[in-house]
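K.L.:
Predicted model and sequence follow; I will ask about them next.
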Amino acid sequence: MPIYPSARQWYLFAMYQRCPLPLHPVLFLQDWVVSYSELSKLTGVSQSTVEHWFTTGVSHREPAARCCRRLAIIDYLWRNADRITPEIIQSWCHSTH
């Protein structure tokens, strides 16, 4: 039977929406050396879309907020790789229902 989220669960969701702050690809690349192909893999968009983020003029596109949020999460994971175990990631990905 489906469960309606509690006030605490809605509160936690509201907190999550504010963190982590989105990280623009330009800022991400200031700290991490990855290719456009790798950035494409990290953000889940095509390499041509990534290339448009770094062009000027008519063909320039700003990255979607979801891509910037994903880069912020990846940045956090990579910076804390010594403290985040594969088991923690597995528990996030394979929660039981």
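P.N.:
Looks like it arrived, so ask away.
K.L.:
Local confidence estimate at the residue nearest in space to the middle of the chain?
P.N.:
Centroid-nearest residue in the chain, with Cα atoms, centre = their mean: Arg70, separated by 0.7 Å. Per-residue pLDDT puts Arg70 at 94.
K.L.:
Nearest spatial neighbour of it, chain-adjacent residues omitted?
P.N.:
Thr43 (5.7 Å; Cβ to Cβ, 6 or more residues apart in numbering). Every residue, glycine included, has its C-beta placed from N, CA and C.
K.L.:
which ones are touching the one you found?
P.N.:
25, 50, 63, 67, 70-71 (Cβ atoms under 8 Å, 6 or more residues apart in numbering).
K.L.:
Would you check which pair of those lies furthest apart?
P.N.:
Val50 and Arg70 (12.5 Å; Cβ to Cβ).
K.L.:
hmm, back to that, what is the nearest of the contacts of Thr43 to Ser6?
P.N.:
Looking across the contacts of Thr43 and measuring by Cβ to Cβ, the closest to Ser6 is Arg70, at 27.5 Å.
K.L.:
What distance do you get for the closest one to Trp92?
P.N.:
Arg70 sits 14 Å away from Trp92, going by Cβ to Cβ, to the nearest Å.
K.L.:
which regions of the chain lie under the pLDDT threshold?
P.N.:
95-97 (pLDDT under 70).
K.L.:
Perfect, I'm done here.
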